[in-house]
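# my questions are about this predicted structure, shown below with the sequence.
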Amino acid sequence: MQATPKPHVLKICVLGSAGVGKSSILKRFVSNDYDDNEETTLGAAFMDKMYTYKDQPFRFQIWDTAGQEKYAPLAHMYYRDTHVALLVYDITNPNSFDALKEWHREISERGPKEVLIGCVGNKIDLASEEKIDFDTAKSFADYIGGFIQLTSAKENKGISDLFGQICEHVLKEASTTRENENSEPKQTLKTSSPQKVEEKQGCCWL
């Protein structure tokens, strides 16, 4: 009898401005519920979800943080040891997208070095009111080394794809680790002096 594989346990921290739909996305994923009158998160809320992807079990330990500015100083308590940071914005609200730059700066300075970052554009059911187009969001996600996913918690669109991208990344990393462990040791090449790496010039996202 084949043993049940051990689940991949991931801590996920969800960040973003108030009103972008962070809690709605998570409630849709965890319990497939949606409430147009979802109450604003105060401080942070915790959710736990077992999930199967490609026959592999995952356990998501999710922290939903409050978006109000007064709670921002507390956010680092939740993302300082996270595996995944989801930066959520509202596609109809440019200010919520601009705020992702600050959240990314916080993660870079105070979060773990190896963290998967996803940019999540919510409320695609309001496409007629879109202010942030996909190409703009993808450009930012590429710049910070993350991935992009558009969602609608209301219409349950893109939610499973969002967490599927996380699972895919974890499985790819696990596969790469196994390949490295099974590979023959490689001979180290000696060089007379390290090559100079030119610094990238200023970017519009800074």
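Perfect, thanks for sending it.
# got the buried residues for the lengthiest helix in the chain?
Longest helix in the chain by number of residues (criterion: DSSP state H): helix 159-182. By neighbour count with 16 or more other Cβ atoms under 10 Å, helix 159-182 contains the buried residues I159, L162, F163, Q165, I166, C167, H169, V170. Placement of C-beta: from N, CA and C, glycine included.
# let's have those in TSV, adding distance to E179 and pLDDT.
Listed next are the buried residues of helix 159-182 as TSV, based on distance: Cβ to Cβ, whole Å; pLDDT from 0 to 100:
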residue	distance to E179	pLDDT
I159	31	98
L162	27	98
F163	25	98
Q165	21	97
I166	21	97
C167	19	97
H169	16	95
V170	15	94
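# same list (the residues you listed) but as a markdown table, adding distance to F134.
A markdown table is the format used below for those (distance: Cβ to Cβ, whole Å):
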| residue | distance to F134 |
| --- | --- |
| I159 | 17 |
| L162 | 15 |
| F163 | 19 |
| Q165 | 15 |
| I166 | 20 |
| C167 | 22 |
| H169 | 20 |
| V170 | 25 |
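# what's the burial count for E102?
Neighbour count of E102, defined by other Cβ atoms under 10 Å: 13.
# I'd assumed it was in a strand, is it?
No - under DSSP: H, G, I helix; E, B strand; the rest coil, E102 sits outside any strand and is assigned helix.
# and of the buried residues of helix 159-182, the nearest to I124?
The shortest approach to I124 among these belongs to I159, at 11.2 Å (Cβ to Cβ).
# so what's that closest one up against?
I25, R28, F29, T151, A153 (Cβ atoms under 8 Å, 6 or more residues apart in numbering).
# that one and M77: what is the separation?
26 Å (Cβ to Cβ, to the nearest Å).
# send me stretch 130-148 as PDB with only the CA atoms.
Extracted as PDB, the C-alpha positions of stretch 130-148 are listed here (Å, rounded to 0.1, in the frame of the first residue of the first chain):
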ATOM      1  CA  GLU A 130     -10.600  48.900 -15.200                       C
ATOM      2  CA  LYS A 131      -7.900  51.500 -14.500                       C
ATOM      3  CA  ILE A 132      -4.900  49.100 -14.300                       C
ATOM      4  CA  ASP A 133      -4.400  47.000 -17.400                       C
ATOM      5  CA  PHE A 134      -2.900  43.600 -17.400                       C
ATOM      6  CA  ASP A 135       0.300  44.600 -19.200                       C
ATOM      7  CA  THR A 136       1.100  47.200 -16.600                       C
ATOM      8  CA  ALA A 137       0.500  44.800 -13.700                       C
ATOM      9  CA  LYS A 138       2.600  42.100 -15.400                       C
ATOM     10  CA  SER A 139       5.400  44.500 -16.000                       C
ATOM     11  CA  PHE A 140       5.500  45.300 -12.300                       C
ATOM     12  CA  ALA A 141       5.300  41.600 -11.400                       C
ATOM     13  CA  ASP A 142       8.100  40.700 -13.800                       C
ATOM     14  CA  TYR A 143      10.300  43.500 -12.400                       C
ATOM     15  CA  ILE A 144      10.000  42.300  -8.800                       C
ATOM     16  CA  GLY A 145      10.400  38.600  -9.800                       C
ATOM     17  CA  GLY A 146       6.900  37.600  -9.000                       C
ATOM     18  CA  PHE A 147       3.900  36.300 -10.900                       C
ATOM     19  CA  ILE A 148       0.600  37.900 -11.900                       C
END
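# fine, thanks again, bye for now.
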